[in-house]
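Student: Quick check, what structure comes out for this input:
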Amino acid sequence: MKPGEGSVKRKILIAEDDKALQMFYREELEEDGYEVCIVNDGQEALTRLDEERFDLVLLDIVMPVMDGIAVLERMKAQNGKIPVILHTSHPKYADDPRSSLADAFIIKSGDLIDLKTKIKSLLGN
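Tutor: Residues are numbered from 1 along each chain as shown. Predicted structure coming up:
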């Protein structure tokens, strides 16, 4: 059984500024039974987090307006209970001490196996 089947769907907020990746993530994660909300930048992510409840947040790091690390710091200061995955194409951020605030750090790839496995693990699926 996929996550969300026979129960309330788990909600994932994705902050990602790349339109092609937005469509890819939405398609893949909705196929796995998740409800997906996508925003284009970190400020939009914080606004949505104030407006509704999410089970997990997937943050790109390099985004306009506010980067993923700044969002992560604010989230953890306000409500450290929501699992956060930093998902970036810039491996150098793995060495940034602020990245350790995230529950997981994953390098972007065309293969979402690692990402999906980490999502399931963090959501207890």
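
Student: beta partners of residue 38?
Tutor: When bridges are called by DSSP bridges, residue 38 pairs up with residue 14.

Student: what about it, neighbour count?
Tutor: Neighbourhood size, residue 38 [other Cβ atoms under 10 Å]: 20. No exception for glycine: its C-beta is placed from N, CA and C like everyone else's.

Student: Against residue 98, how distant is it?
Tutor: Between residue 38 and residue 98 the distance is 23 Å, computed by Cβ to Cβ, to the nearest Å.

Student: From what I see, residue 105 and residue 91 are in contact.
Tutor: No. Applying Cβ atoms under 8 Å as the test, residue 105 and residue 91 come out as separate, 9.2 Å apart.

Student: So which of these two has more stuff around it?
Tutor: Relative neighbour count places residue 105 above the other of residue 105 and residue 91, with 18 against 10, counting by other Cβ under 10 Å.

Student: Helix or strand with the lowest mean pLDDT in the protein?
Tutor: Considering only helices and strands, the least confidently modelled element of the chain by mean pLDDT, DSSP states H and E is helix 68-78, at a mean of 89.

Student: in its sheet, what does the helix or strand just after it sit against?
Tutor: Elements were assigned by DSSP states H and E; along the chain past helix 68-78, the next helix or strand is strand 84-88. The strands that strand 84-88 pairs with in its sheet are strand 56-59 (parallel), strand 104-107 (parallel) (by DSSP bridges).
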